[in-house]
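# Sequence below, structure please.
(one chain, ligands or ions: 2)
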Amino acid sequence: METTPKHRPSSKDQRRGFFITFEGIEGSGKSSQCQRLAANLQARGYRVLETREPGGTPFAEHIRGLLLNTGRNSSWESLTPEGEAFLVLACRSQHVAHVIAPALKKGAVVLCDRFFDSTLAYQGYGRGLDLTALQNLNQFATQGLTPDLTFLFDLPVDQGLARRRRALHQNRLDHEKKKFHERVRKGFMALTKDHPHRIIIIDAGDTIGTIAEQVAKRVQPFLSRMKKLRPSKKPG
Ligand SMILES: Nc1ncnc2c1ncn2[C@@H]1O[C@H](COP(=O)(O)OP(=O)(O)OP(=O)(O)O)[C@@H](O)[C@H]1O
Ligand SMILES: [Mg+2]
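Ligands and ions are numbered 1, 2, ... in the order given. Predicted coordinates for the structure are as follows:
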């Protein structure tokens, strides 16, 4: 089995492309907005990679199934918070080394549905694991790769969970208590205070279309320096 990734991320890799992450509680609209921004940028000729965590590689997607309970046997022991953190981090290491860093190196705009802020919010603020330890582990797993821009979709927990209840498939996190999700939401807000230049808070209670317009508008100034695969389509 291959164990050495072909690419190791560096700050130079990051500079060629642009790395955007989408964060927030369950049902806050991350995936909807990630898909809309990807379609918008692709239509305008940008090279785009749309991906997600946990997951984004065959190995990591397999672990995602275990984490979200779709691939687990009900007779297995419960997952410890530390075990959960290491599985998420193992996925991240695979994802960064094999997918994200190579795409950034090629000059793509990488859109990632959840990234390392989710580890701090869920395993740190939500489960109570030590934040400094998690920060160090995040750094270890990503080899220092940091998003250029992060959208935090903020929504009251009840609204997010109500949206999730309408979804076809429930996952392990949907069965967590409301208090857990409240801690996660507060955790995300605390992270915005630590990183006010990187994280943009979006009111996720607006309509999908209004939010998509806001997101596209906030991204545009950063992309003016990016090379396109082909010229933009002319309106009309
Ligand atoms: N702004 C919005 N207003 C109303 N409904 C929305 C909005 N954004 C998303 N939804 C709906 O809420 C549900 C959850 O949205 P979405 O899957 O995008 O959220 P998510 O943050 O990715 O959720 P998860 O945490 O489960 O991955 C979907 O049915 C989606 O159509
Ligand atoms: Mg989603």
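# Enumerate every residue touching the residue positioned nearest the centre of the chain.
The residue lying closest to the centre of the chain (CA atoms, centre = their mean) is R114, at 1.5 Å. The contact partners of R114, taken as CB atoms under 8 Å, 6 or more residues apart in numbering, are T21, F22, E23, K30, R52, E53, P54. No exception for glycine: its C-beta is placed from N, CA and C like everyone else's.
# let's see 10 Å
If you count contacts by CB atoms under 10 Å, 6 or more residues apart in numbering, R114 has them with 21-24, 30-31, 34, 51-56, 88, 92, 121-122.
# Of these, grab the buried ones for ChimeraX.
Buried subset of the contacts of R114, written as a ChimeraX selection, criterion 16 or more other CB atoms under 10 Å:
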select :21,22,23,24,30,34,51,52,53,54,55,56,88,92,121,122
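# of the contacts of R114, list those near ligand 1.
G24, K30, S31 (CB under 6 Å from any ligand atom).
# quick one: the last one and D113 touch, right?
Yes - S31 lies in contact with D113 (CB atoms under 10 Å); the separation is 5.4 Å.
# Give me the common contacts of the two.
F22, E50, R52.
# Show only the entries of the residues you listed found in helices.
Among the shared contacts of S31 and D113, DSSP state H puts none in helices.
# Turn the ones next to ligand 1 among the contacts of R114 into CSV, including secondary structure and pLDDT.
Compiled in CSV, the ones next to ligand 1 among the contacts of R114 are given as follows (DSSP: H, G, I helix; E, B strand; the rest coil; pLDDT from 0 to 100):
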residue, secondary structure, pLDDT
G24, strand, 98
K30, helix, 98
S31, helix, 97
